[in-house]
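1. what shape does this take:
(chains A and B)
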Amino acid sequence: MDIFKTEEVTKQFANHLALNKVSIQVPQGQIFGLLGPNGAGKTTLIRIINQITAPDSGSVWFKGRPLNANDVYNIGYLPEERGLYKKMKVGDQAIYLAQLKGLSRPEAIKKLKFWFDKFDLLPWWNKKVEELSKGMQQKIQFIVTILHEPELLIFDEPFSGFDPINANLLKQEILNLKSKGSTIIFSTHNMASVEAVCDHIALINKSQKILDGSVAQIKQDFKLHQFECSYLGEFSDIDRLASDNFSILEHNENPEYKYFKVELHNNYSNNEFLSLLMQKVTIRSFNEVIPSMDDIFIRVVQNDATNPIETV
Amino acid sequence: MNKIAIIISREYLTRVRKKSFLIMSILGPLFFAGLMITPAWIAQMEDKEEKIIAVADSSHLMLGEFPETDYIKFEYLPNADIQYHKEHFLESKYYALLYISHVVASSPNAVHLYSDKSPSLGVQMHISNAIEKRLERDKLKAFGIEEGVLAAVKTNISIRSVKLSKTGEEKVNNFNLAMVLGYLMGFLVYFTIFFSGSQVMRGVIEEKTNRIIEVIISSVKPFQLMMGKIIGVGLVALTQFLLWGVLTLAIYTAVIPMVMPDVKELSKKAPVENFMDTGSSMQSQVPVSEDLNAELSDMLGALNDINFGVILISFLIFYFGGYFLYASLFAAIGSAVDSEADTQQFMLPITLPMIIAIIAMVNVIQNPESPLAFWFSMIPFTSPVVMMARIPFGVPYEQIILSAILLIGTFVLFTWMAAKVYRTGILMYGKKTSWKELWKWLTYKN
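-> The predicted model follows:
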């Protein structure tokens, strides 16, 4: 079931079209990556989800019905541009933000104490925010985002500015939240983090959605039938096999290690290729090259510059 | 609604808990009290020291003629050898040495006062008055005018202005008191609107540059945030007034009687003890002649006539109306810029009407019933200041109500427009905003 979806959402600003008929579906309980280059329209879409702005046309659905004002209590949002009141005390501030999300004061305090304890922030409760390190401030921002236990969480570039230790802590917490049943929308252009955590993605470029689907499926779709092979023997023997069915993309030799990369054409199967190859050299390993999300991202975005592509 | 309350309480509490608020709350009344007490106190201090002045009079006109007060005494020296007295002055107990030359009747520079300190103005006035009086009497006598005639000719007029109302009721007008009250309230509204308004603006800029804004408006509507901030800051100012009033009153009732027992008597006559009467109490510190006392009781009577209920209600309406009007504009400006330095270009249209209001107020107080006074107390951008300045003089209720309606209507309209600019502005970063841009934001649908 989709916890959230948009249908043909369009948003026009004075001098540019921020979103052009964008439809996305976010399956419940999954981590959904919202990808795209800077300026593609991700933040506008996220602001529409948070009801900070409204779409010019198209519809927005949450839990099977049109999104309404009370849904903010069920959504947690960690914006890319995030900050806190510098002169306010940490505890007071966290309580304030929690109250705005609909928690009562005692409830907010109880939950905050739990999370502050978990992140070793309790000694800082009565300190002013400006006395805290950037990493600590970000932990606090994370806590207030998830404190009201929303069903849908939106993280816009969550890892930017986190040191590796805290980034890892954050990743663990996000996975924890998923296992507890939260749905997470994850906006980023950091593809490594997408591969690590996302189940589904949608790719937005120049105000349009140009690709979406499950990460596994997309990777299948974008395979190029390329293989990497390391072997024992002479490369010249392999080279002699050359035909229309495959082309050698690169090869590399040194005393301990010989390797080449090949792309198969015309539905030539890897088994056929292997049986051919076995006659000439000893095969040490043979792997299919799975495209990284990074590669897919670049390919799709560059392709989009010339012609939009339809995918399943 | 509940969310606005949460926002108001944050805006209010963070400001009220600040040290600067506490300092302002204490310093304000001390300043007022200082203004009230210091001049009288200083005058009193000076008099308490007994001064004996030695008189060397070679004209022989002033012998025994100087009137003595509790603190100024005169001793007439048997010979007028000024050189001798000057040489021995420092060993003497005298405060000053007065030398009157024999040509005093014809030369205005014939009187010298020698002292090792600088004799106070009071003492100098006392001496010159006595000599002038004596010489005048002599001269008048030379023209054949009797002393009794002189006393009979001397006339003193003090005008009691009485306002006639339609009901035939007579009211004693006290222009001075109304003037002081008018100025006080006009300036209070003026300064508070500017002070609180720029606090609102700074708050908005802070939220924008802090980047906390996006977190907050994912929970509340921008309009709620803006109104919460404006109301919260407005209540802070109101709290400050209240504290000033209470503390000023406390200082006034506790400290003044200690320092100046005389004034206690006077203040007992004051029927209304309210922070509004700081104006009159400032004046009541100038004792103590009989005439003045009569004037003072007139004034206290007028104080009774002034309708403090109307003033208080009007103050609340015009203070909040004017404040909301300007604060929403300040908020819109704050949302449109990235830093306080960028606000300049938008400030002029806001400050200009306020400055015009203050200039108009000075004129209006001289002539509170003029057409100028009427129109400026109707135009919503100047009415908070000008109407408050007029009210102590008595303004017909229908005018007050009309002006209040105009003000409230305008503030609703401008708050609505400001909210539209605000909503777009708070999410715009790193772009220099122009007037054209603001107009576009105003016309955005959502």
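
2. near chain A, which residues of the stretch 1-150 of chain B are found?
-> B:3, B:6-7, B:10, B:14 (Cβ under 8 Å from any Cβ of the partner chain). In short, each C-beta sits where N, CA and C put it, glycine included.

3. if you rank the residues you listed by neighbours, which is first?
-> B:Ile7 (24 neighbours; other Cβ atoms under 10 Å in any protein chain shown).

4. name the SS class of that one, please.
-> Under DSSP: H, G, I helix; E, B strand; the rest coil, B:Ile7 falls in the helix class.

5. quick one: pLDDT of B:Ala294?
-> Looking at B:Ala294, its pLDDT is 62.

6. and the closest residue to chain B within the stretch 101-250 of chain A, how many residues sit next to it?
-> Going by Cβ to the nearest Cβ, chain B is nearest to A:Lys101 of the stretch 101-250 of chain A, at 5.3 Å. Counted with other Cβ under 10 Å, residues neighbouring A:Lys101 total 24.

7. what's the closest non-adjacent residue to it?
-> A:His148 (4.3 Å; Cβ to Cβ, 6 or more residues apart in numbering or on different chains).

8. spit out the contact partners of the one you found.
-> By Cβ atoms under 8 Å, 6 or more residues apart in numbering or on different chains, the residues touching A:His148 are A:73, A:76, A:98, A:101-103.

9. from those, which land in strands?
-> A:Gly76 (DSSP state E).

10. out of the contacts of A:His148, who has the most neighbours?
-> A:Gly76 (26 neighbours).

11. that residue contacts A:Glu151, correct?
-> No: with contact defined as Cβ atoms under 8 Å, A:Gly76 does not reach A:Glu151; the gap is 9.0 Å.

12. where do the strands sit along the stretch 101-250 of chain A?
-> Read by DSSP state E, counting those that start in this stretch, the stretch 101-250 of chain A holds these strands, from start to end of the chain: A:152-156, A:183-188, A:200-205, A:208-214, A:226-232, A:246-254.

13. out of the ones you listed, which is closest to A:Val301?
-> Nearest of the strands of the stretch 101-250 of chain A to A:Val301, taken as Cβ to Cβ: strand A:200-205 at 5.2 Å.

14. packing partners of that closest one?
-> When contacts are defined as 3 or more Cβ pairs under 8 Å, 6 or more residues apart in numbering or on different chains; DSSP states H and E, strand A:200-205 packs onto strand A:17-27, strand A:31-35, strand A:208-214, helix A:215-221, helix A:293-306.

15. tell me the phi and psi of whatever residue of chain A ends up closest to chain B?
-> Chain B sits closest to A:Gly83 of chain A, with a gap of 3.5 Å, by Cβ to the nearest Cβ. As for A:Gly83, its main-chain torsions (degrees, to the nearest 10) stand at phi -160, psi 180.

16. what sits closest to residue 247 if chain neighbours are left out?
-> Defaulting to chain A. A:Glu263 (5.6 Å).

17. hmm, I had chain B in mind actually
-> Per Cβ to Cβ, 6+ apart, closest to B:Leu247 is B:Pro29, 3.8 Å.

18. so what's the one you found up against?
-> Neighbour list for B:Pro29: B:243-244, B:247-248, B:250-251 [criterion: Cβ under 8 Å, 6+ apart].

19. including pLDDT and neighbour count, could those go into CSV?
-> Formatted as CSV, those follow (pLDDT from 0 to 100; neighbours: other Cβ atoms under 10 Å in any protein chain shown):
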residue, pLDDT, neighbour count
B:Leu243, 87, 18
B:Trp244, 84, 21
B:Leu247, 83, 18
B:Thr248, 76, 21
B:Ala250, 80, 12
B:Ile251, 74, 17
